[in-house]
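Enquirer: What would the 3D arrangement of this be:
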Amino acid sequence: MRTRALAIWTAVSSAGGASGNLIGGVLTQSLSWRWILLINVPIGAVAALAALRLLPVDRFRTRDGKLDLPGAVLATLSVTALVYGVTQAQIHGWSGPTTLSGLAVGILGLAAFAVTETRYAAAPLVPSRLVRMRPVWAGNAVMLLAGACFIPMWYFLSLYMQDVLGYGALATGIAFLPHTLAGIAAARLAPAVMHRTGPRTLIVLAALLAAAGFVWQSRIGTDSTYLEGLLGPAIVMSAGMGLLITPITTTVTSGIAEQDAGAASGLMNTTRQIGGAAGLAALVTLTTATAGTAASYRTVFVAIAAVCTAVAALAFALPTRTARGAATAPGK
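Expert: Numbers count the residues shown, from 1 in each chain. Just a heads-up that it's a prediction; the model follows:
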């Protein structure tokens, strides 16, 4: 039941992405790109009110009822500095003082965060018992690389469709529909496949499937048609993405004590976002010399395929089967 719930969560997330692409295309083409940011204000307000009315009250709270504010601030600043350092490599190079300073501050800050959480925090954001569990640390490492694959995909494909193929904003949003539909279908199929193969095997197969899709996508040319150059790769790499997320999430959250489920799923989502941000910044840096050309996008898609292959290799650090235990869906 829990695996099915996680698959539904993945499918719903993909559906939300499809809606965002379409609505974003309409707003950009009809009004202004600024509206794709402004519209999130009422959406966020409605989501917050709905959460207060519809979600159950938390059964587990921190020991003293307080948030680990120092840990939250330290983690936020450290991750921000780390990502900032990566983004500055595009401008100043990897050996530039701004780049090195950002990376150094980020790494030292994360080290300080680890010490604070393990030694001084009364109610740590990330309990040390969690990170000592093999499924948690290995699963988060896999999710970090997965985020570096799939989050940049939307950015670079969107630019490719508009800058190289000449699509408008609305046409680009519509062109992403097969990606979403393939991801939703694969996510719904993931529990049945995982029941037969186990999560680790499915992660390996899904990552390799996504890698094949990205290699295929790298062969697109400036005169490719949608059916020839986009539709096939879209189905393959999005199917890989849809099959991948559910077994990673299941692995990370299986066998977790119920009071730690929120921390485990929160850590996993944070890891995915960090991977996406760092991966995007690194890929932009990789293509600086040929930015905006078809060659630069081909380089990006080959690089993402290589990272997907690394996901498959790293998955062998995961246990072959998940433990039984209470956990919650990652959005909880």
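
Enquirer: Please identify the helix or strand for Val252.
Expert: Here Val252, judged by DSSP states H and E, is contained in helix 232-253.

Enquirer: distance between the helix or strand just after that helix and the chain's centre?
Expert: For helix 232-253, the following helix or strand on the C-terminal side (DSSP H and E) is helix 261-286. Remark: helix 261-286 is offset 6 Å from the chain centroid, using Cα atoms, centre = their mean, to the nearest Å.

Enquirer: Could you list every helix and strand in contact with helix 261-286?
Expert: Helices and strands touching helix 261-286, by 3 or more Cβ pairs under 8 Å, 6 or more residues apart in numbering; DSSP states H and E, are helix 69-92, helix 128-131, helix 134-159, helix 232-253, helix 294-314. Placement of C-beta: from N, CA and C, glycine included.

Enquirer: could I get the ones you listed as TSV with mean pLDDT, mean neighbour count and distance to Thr172?
Expert: As requested, those are exported to TSV (pLDDT from 0 to 100; neighbours: other Cβ atoms under 10 Å; distance: least, Cβ to Cβ, whole Å):
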stretch	mean pLDDT	mean neighbour count	distance to Thr172
helix 69-92	83	18	24
helix 128-131	76	15	40
helix 134-159	86	22	6
helix 232-253	87	26	12
helix 294-314	88	20	14
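
Enquirer: Need the pLDDT of the residue nearest to Ile203 when sequence neighbours are not counted.
Expert: Computed as Cβ to Cβ, 6 or more residues apart in numbering, the closest residue to Ile203 that is not its neighbour in sequence is Ala315, at 4.2 Å. For Ala315, the model assigns a pLDDT of 89.

Enquirer: Ala315 touches Val204, doesn't it?
Expert: Yes. With contact defined as Cβ atoms under 8 Å, Ala315 counts as touching Val204 (5.0 Å).

Enquirer: more neighbours, these two?
Expert: Ala315 (28 against 20; other Cβ atoms under 10 Å).

Enquirer: who touches that one in this structure?
Expert: Counting by Cβ atoms under 8 Å, 6 or more residues apart in numbering, Ala315 touches Val142, Arg200, Ile203, Val204, Ala207.

Enquirer: List just the nearest of those to Gly102.
Expert: For the contacts of Ala315, the closest approach to Gly102 (Cβ to Cβ) belongs to Val142, at 25.6 Å.

Enquirer: Can you pull out the low-pLDDT segments for the stretch 151-300 of the chain?
Expert: Under the criterion pLDDT under 70, the flagged ranges of the stretch 151-300 of the chain are 288-293.

Enquirer: One more pass at 80, please.
Expert: In the predicted model of the stretch 151-300 of the chain, residues 221-225, 228, 254-263, 265, 285-295 satisfy pLDDT under 80.

Enquirer: right, and the helices and strands packed on helix 261-286 - which one's nearest Thr287?
Expert: Closest of the helices and strands packed on helix 261-286 to Thr287 is helix 294-314, at 3.9 Å (criterion: Cβ to Cβ).

Enquirer: starting at the chain centroid, how far to that closest one?
Expert: From the chain centre to the centre of helix 294-314 is a distance of 15 Å (Cα atoms, centre = their mean).

Enquirer: Ala187: which of the contacts of Ala315 is nearest?
Expert: Proximity of those to Ala187 was ranked by Cβ to Cβ; the top entry is Ile203 with 13.8 Å.

Enquirer: before we move on, the earlier item: save the helices and strands packed on helix 261-286 as a markdown table, and put in distance to Gly24 too.
Expert: Converted to a markdown table, the helices and strands packed on helix 261-286 look like this (distance: least, Cβ to Cβ, whole Å):
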| stretch | distance to Gly24 |
| --- | --- |
| helix 69-92 | 23 |
| helix 128-131 | 36 |
| helix 134-159 | 9 |
| helix 232-253 | 18 |
| helix 294-314 | 20 |
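
Enquirer: coming back round to it: how much space separates the residue nearest to Ile203 from Ala282?
Expert: Applying Cβ to Cβ, to the nearest Å, one obtains 21 Å for the distance of Ala315 from Ala282.

Enquirer: what's the answer for Arg53, then?
Expert: Counting by Cβ to Cβ, the gap from Arg53 to Ala282 is 41 Å.

Enquirer: Tell me which of these two has more neighbours.
Expert: Looking at Arg53 and Ala282 with other Cβ under 10 Å, you find the greater number of neighbours at Ala282, namely 18 against 7.
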